[in-house]
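Undergrad: Sequence isn't available, so here's the structure alone:
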């Protein structure tokens, strides 16, 4: 679609090959100002949509660009034609706080402007642009648009991703510090004589954002968190890697396979990270499969000629096929123009057929045994979003759905169209074939949250699965399988809800609450030793694994969806030592320190965590998280139960620690504005506010000396302050030559670690 007048074109350039450079150089299109001002704290959002589908979303200093699908442009064009007339361009009164919509240079439409609070308010269809901004800026929030409608351009690491971080602990029985430099290198160094104790160069492949030192079971550990959400743990003495997660923007795509009677889960993201393999029942990490930096939007497990295969495809339109057992890449399937959005496999004895479809509107069939193309199927006029194999009259049939609102069926052997029908005005997001007494039934997911059922042979409607009282969030993922011999249907929604239906009779078996944002992919695994599993990927990067029978959660490790902002070793309370990580994605994750087994995951609701601390009070393990919402929240360190919320910060805290005030346990936070606040642990009441400088507080440490609690704080500008905490008296203030990243009390004074090494005061 080369213009925004709604005309359908058949070329592929408008289906994803148009770059976003046009946004910055072409003014023709729609511009919505004041869009969804609550999508990011601190300011209005502007959305620009060009005639070629390229868009730019701006919120403060953040700018994201990408391309919309043809189907989105058509919907906008249709709504624009039906909208009330706007004022001539430049005629509407300006109002900085009000939403405004302008159209410029759109063929067949005069330039016009709408503004809320005037005689020409912004028309209702601007909600589409609002939803686009929300999907781009806050992908973990409930989604109103299917992911297939938008293709984001990749972004590099954030400006502060390489900020230096440090921690003090023990290595090889000696007081030591871990320091991650801004260039990406990290190392361990003795405090007393600066002897190197291990580390890496800047080419280590991990851009550190958090470090921690700890010990358990007689082993000293070193943990590093990265800008890509990865967490890695080493034996600090031997340098051996003990466990970790690879990074990425989360697990938008998942697949499940039964390999040698072991249920395996695979996950991948669109940002270019490798595909990760793990046990679906225990979460044990098993390795990665390289996609050469191209990411994976969709995964599909298959069995062919006694081989367990995995196919992955994404933005580059290339499909990669591996032998899972050996990790060997078998095929590189090239043919699609633009992103691939759907895959499905049909097993035929020792052969298997792979179907693929995506933004070029074409469905391709491949022989998985040889990697050769079999056929091309044309008919859809927008991105293909769902594929499912079934059987009609003893012949294999492929069913497909697309953003053009139609379902089509195809004879696989003849590569011919069989039937097709429109489902409605809504975008279609997925399709599954299920068995019934009357023959195969196709279940289709829709943008409006509905699940419609159709007779595969005729296209006759069988009604819908309904969820009484449920909000109309989009159906974002579908998967079919069997439970005790009955066909079941797993459905993921844009708000993160997961539902399981008995597909034959349309009865809901259970519903699981959101956890990790909108569900982007679903897979049902075959029965393993412990039963079938249901695995899903989410927009926030979580891999959720559940027992299919009752939805009980199973432990699966996953990277944070964004930079790791805090690491701490939780120890004490009679519990085994654990590693705690916090992320900009707002999640708090607890793993076994030695083997990485997931123990706990908490969605904090803090709009991103900025600092983390682990401590103990009255025999209970506690965790403290500071967030972008300018709160500090307390959590039980084992159960994850929420505790008091500490408020009053003028800016988000950069560091948080535990201490003692008047014999009572307290939590202390240092803000980006230089403030230091103290709260009681038992109820979150604020009991002290310490005045420092205006520079961001980077590190805090409290120390009890002969019954008197001292608090040391170091800031970004290299100022070190020492307070007598009970009285709030500032005892000393000293300037350093570098930012203070970590502090420890010693017999002779204070030891301060900065980017350049150690300073002793």
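TA: Everything's here; your move. Source: prediction; values computed, not measured. Numbers count the residues shown, from 1 in each chain.
Undergrad: residues near residue 350, how many?
TA: The tally of other residues near residue 350 (other CB atoms under 10 Å) stands at 11. (Glycine included, C-beta is placed from N, CA and C.)
Undergrad: so who does it touch?
TA: 304, 305, 306, 369 (CB atoms under 8 Å, 6 or more residues apart in numbering).
Undergrad: Residue 403 against residue 383, yeah?
TA: Yes. The pair residue 403 and residue 383 qualifies as a contact (CB atoms under 8 Å) at a distance of 4.8 Å.
Undergrad: re the thing from before, how about a markdown table for the contacts of residue 350, with neighbour count added?
TA: Below are those laid out as a markdown table (neighbours: other CB atoms under 10 Å):
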| residue | neighbour count |
| --- | --- |
| 304 | 22 |
| 305 | 12 |
| 306 | 6 |
| 369 | 17 |
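Undergrad: Lowest-confidence one in the residues you listed?
TA: The lowest pLDDT within these belongs to residue 305, which sits at 79.
Undergrad: quick one: that one and residue 367 touch, right?
TA: No. Applying CB under 8 Å as the test, residue 305 and residue 367 come out as separate, 11.1 Å apart.
Undergrad: Touching both of these two, which residues are there?
TA: 351, 352.
Undergrad: show me the contacts for the residue nearest to residue 98 when sequence neighbours are not counted.
TA: Leaving aside its sequence neighbours, residue 98 sits nearest to residue 116 (CB to CB, 6 or more residues apart in numbering; 4.5 Å). Counting by CB under 8 Å, 6+ apart, residue 116 touches 34, 95, 98, 99, 100, 122.
Undergrad: Quick check: residue 315 is in a helix.
TA: No. With DSSP: H, G, I helix; E, B strand; the rest coil as the criterion, residue 315 is assigned coil and is not in a helix.
Undergrad: phi, psi of the residue lying closest to it once chain neighbours are set aside?
TA: Distance criterion CB to CB, 6+ apart; nearest residue to residue 315, sequence neighbours excluded, is residue 339 at 4.7 Å. With angles defined as degrees, to the nearest 10, residue 339 sits at phi -60, psi 150.
Undergrad: same deal with residue 608?
TA: According to degrees, to the nearest 10, residue 608 has phi 100, psi 130.
Undergrad: what about it, how many neighbours?
TA: With other CB under 10 Å as criterion, residue 608 counts 21.
Undergrad: ok, it - contacts?
TA: 562, 565, 583, 584, 585, 586, 627, 628.
Undergrad: so how far is residue 562 from it?
TA: 8 Å (CB to CB, to the nearest Å).
Undergrad: Find residues that contact each of those two.
TA: By CB under 8 Å, 6+ apart, the residues touching both residue 608 and residue 562 are 583, 584, 585.
Undergrad: just checking, which of those residues belong to strands?
TA: residue 583 (DSSP state E).
Undergrad: how many other residues sit next to residue 460?
TA: 11.
Undergrad: That one reaches residue 442, doesn't it?
TA: No. Residue 460 is beyond contact range of residue 442, at 10.7 Å (criterion: CB under 8 Å).
Undergrad: Need the overlap of contacts for those two.
TA: residue 454.
Undergrad: Now the element after the least confident helix or strand in the chain by mean pLDDT, going C-ward?
TA: Taking mean pLDDT, DSSP states H and E as the measure, the chain has helix 21-25 as its least confident helix or strand, at a mean of 37. Following helix 21-25 in sequence order, the next helix or strand is strand 29-35 (DSSP states H and E).
Undergrad: Can you give the contact residues for that next one?
TA: 4, 44-51, 76, 80, 97-106, 116, 122, 126, 129-130, 133.
Undergrad: Which of the residues you listed fall in strands?
TA: Counting by DSSP E, the contacts of strand 29-35 contribute 45, 46, 47, 48, 49, 50, 100, 101, 102, 103, 104 to strands.
Undergrad: returning to what we had before: now do the residue nearest to residue 315 against residue 383, distance only.
TA: Using CB to CB, residue 339 is found at 8 Å from residue 383.
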